[in-house]
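Q: got a predicted structure here, sequence first:
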Amino acid sequence: MTTLAFLNNQYLPLSEAKISPMDRGFLFGDGIYEVIPSFDGRIVGFSAHMQRMENGLRALEIDNPYDRDGWKSIMQALLERNNQELGDSVGVYLHISRGMQLTRSHGYSEDLTPTVFAFAFKIPPSHSSQPEKVQGLSVSLAKDLRWQRCHIKSTSLLGNVLHFQEAKRGGKHESILFNSQKEITEATTSNVFIVEQGIVRTPPLDNQLLPGITRKLVIESLINENIQVEEVVITAERLLNADEVWLTSSSKEIAPVISVDGNQVGNGEPGPVWRKALLAYDLYKFS
């Protein structure tokens with residue numbers, strides 16, 4: 001049995017989905033994507049994901065092929081059609097490229113039809129179901145060598161791929177990145193949080209990091225539960241001395257980090273503020 005995907009208004013087996021090699025998404029990484037989690041058929045952060053996708057499409061000057069109801073319909077169809085294969089913890093990947101252009105040119109035609117691709121895939125169950133079984137992550141620390149428009153969720157992810165592969169080759173789960181001022185930006189697939197004396201802190205949004213939807217929901221859920229959270233510059237040294245370090249993403253939710261470049265974080269186990277944050281997020285994520 002194979003999962004069903006969506007490609008340009010057609011549902012078909014994922015193994016049969018094909019695009020032209022002249023698609024600008026294939027040739028240039030010229031597109032936008034989103035990864036949206038769902039649990040028991042309930043979508044997390046749909047409106048926020050749509051807003052970020054709309055912002056990205058505008059920044060790249062790509063026409064949005066569907067309104068929000070159209071996108072939700074595609075997502076729900078993929079969840080329903082793949083439920084037996086994938087179960088109840090499912091991510092949906094949405095991908096819009098500028099489309100196919102027969103001449104390979106950095107400049108693009110203004111009248112291209114966007115290519116729309118989506119598929120569903122299994123993700124881990126929510127951490128909140130069994131927090132005592134969550135394993136902490138070991139990560140590396142590296143200078144951020146990516147481009148300067150990381151706030152756009154572009155499909156051009158080679159910089160992230162190279163950083164992630166370097167960490168993987170070193171036996172780590174992820175790599176946390178810092179800029180030329182030794183200030184933390186983000187991880188290759190995640191946003192970064194630290195805890196200092198009970199206060200939760202995360203780098204402020206700018207062009208160096210993605211405005212993560214899970215990041216947004218975590219901040220809102222912490223505020224909702226009267227847990228102090230601040231958006232401030234975090235240096236690499238400050239991160240190494242933090243009481244707790246977390247990574248957030250749609251598939252990870254809130255993942256505790258227990259080691260950074262071989263340096264133990266806290267007591268080497270998921271911390272008490274992480275547990276409070278996980279509960280707060282779980283109560284808030286479907287609101």
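A: That came through fine.

Q: give me the domain ranges for the protein.
A: 4-123, 131-284 (automatic domain parsing).

Q: now, of those, which is deepest in the fold?
A: domain 131-284 (a mean of 18; mean count of other CB atoms under 10 Å). C-beta: built from backbone N, CA, C; applies to glycine.

Q: what average pLDDT does it get?
A: Mean per-residue pLDDT for domain 131-284: 97.

Q: surely Ala48 and Arg215 touch.
A: No: using CB atoms under 8 Å, Ala48 is not in contact with Arg215; the gap is 10.1 Å.

Q: middle-most residue in this structure, spatially?
A: Ser249 (4.5 Å; CA atoms, centre = their mean).

Q: show me what contacts the closest residue to it other than its chain neighbours?
A: Once flanking residues are discounted, Ser249 sits nearest to Ser190: 4.4 Å by CB to CB, 6 or more residues apart in numbering. Under the criterion of CB atoms under 8 Å, 6 or more residues apart in numbering, the contact partners of Ser190 comprise Glu174, Gly212, Leu247, Thr248, Ser249, Lys252, Ala255.

Q: what is the last one paired to in the beta sheet?
A: When you say that, I think you mean Ala255. Leu247 (DSSP bridges).

Q: that one and Leu137 touch, don't they?
A: Yes: judged on CB under 8 Å, Ala255 makes contact with Leu137 at a distance of 5.6 Å.

Q: need the residues touching each of the two.
A: Listed as contacting both Ala255 and Leu137 by CB under 8 Å, 6+ apart are Leu247.

Q: look up how far Ile19 lies from the residue nearest to the centre of the chain.
A: Ser249 is 26 Å from Ile19, where distance means CB to CB, to the nearest Å.

Q: what of Pro37?
A: Taking CB to CB as the measure, Pro37 falls 25 Å from Ile19.

Q: could you do Ile176 as well?
A: For Ile176, the distance to Ile19 - CB to CB - is 34 Å.

Q: with Glu174 instead?
A: In terms of CB to CB, Glu174 sits 30 Å off from Ile19.

Q: run through the strands of the stretch 1-150 of the chain in chain order.
A: Along the stretch 1-150 of the chain, the segments classed as strands by DSSP state E, counting those that start in this stretch run 4-7, 10-13, 31-39, 42-43, 89-97, 115-122, 137-143.

Q: quick check: can you name the pairing partners of the shortest one and their directions?
A: Spelled out, that is strand 42-43. strand 31-39 (antiparallel).

Q: return the residues in contact with Glu269.
A: Gly136, Ile258.

Q: and it, that's in a strand?
A: No: looking at Glu269 with DSSP: H, G, I helix; E, B strand; the rest coil, it is coil, so not inside a strand.

Q: now it: how far from Ala142?
A: Glu269 sits 25 Å away from Ala142, going by CB to CB.
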